[in-house]
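Q: Starting from these lines, generate the structure:
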Amino acid sequence: MRFIIAEANCIECGACRRHCPIKGCIPYENMQHQIKVDLCIGCTICYAVCPVDAVLPIPDEQAKPNLSWNAMERVRLRAYQRGPRLLKDQDQ
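A: I've put the predicted structure just below:
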């Protein structure tokens, strides 16, 4: 499963970008965030951290990630333990 950001709902807080484990997957371009679907690994972190539910899942026939509660909690726990990345670190 991959994800997109519903621009109408997005408040540009940057939580999805800061917590994304893939560098460059959610760039801030043209005053908005948007997920690069080709880089998205379907980890669900952006979906979990979005405070306004602007991150929406889209079906992906090729990707069959383990979306069980235990698997998603392990991924989220690692991201939260790491903490948010500084935005300047992602742009380099």
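Q: For the longest helix anywhere in the chain, which residues meet the burial criterion?
A: If you go by DSSP state H, the chain has its longest helix at helix 69-82. Neighbour-count burial for helix 69-82, counted by 16 or more other C-beta atoms under 10 Å, picks out 72, 75-76, 79. C-beta: built from backbone N, CA, C; applies to glycine.
Q: quick check: mean pLDDT across that helix?
A: For helix 69-82, mean pLDDT is 73.
Q: Verify the contact between M72 and V49 for me.
A: No: using C-beta atoms under 8 Å as the test, M72 is too far from V49 to be in contact (12.0 Å).
Q: you'd agree P57 is up against R2?
A: Yes: the pair P57 / R2 is scored as a contact, 7.4 Å apart, by C-beta under 8 Å.
Q: Contact partners for E73?
A: Applying C-beta atoms under 8 Å, 6 or more residues apart in numbering to E73 gives no contacts.
Q: How much space separates it from Y47?
A: Distance, E73 to Y47, using C-beta to C-beta, to the nearest Å: 13 Å.
Q: So, low pLDDT: which residues of this structure?
A: 60-69, 83-92 (pLDDT under 70).
Q: Let me see the ranges of the strands in it.
A: Using DSSP state E, the strands of the chain run over 2-5, 28-29, 32-33, 55-58.
Q: Nearest to H19, out of those strands?
A: strand 55-58 (10.8 Å; C-beta to C-beta).
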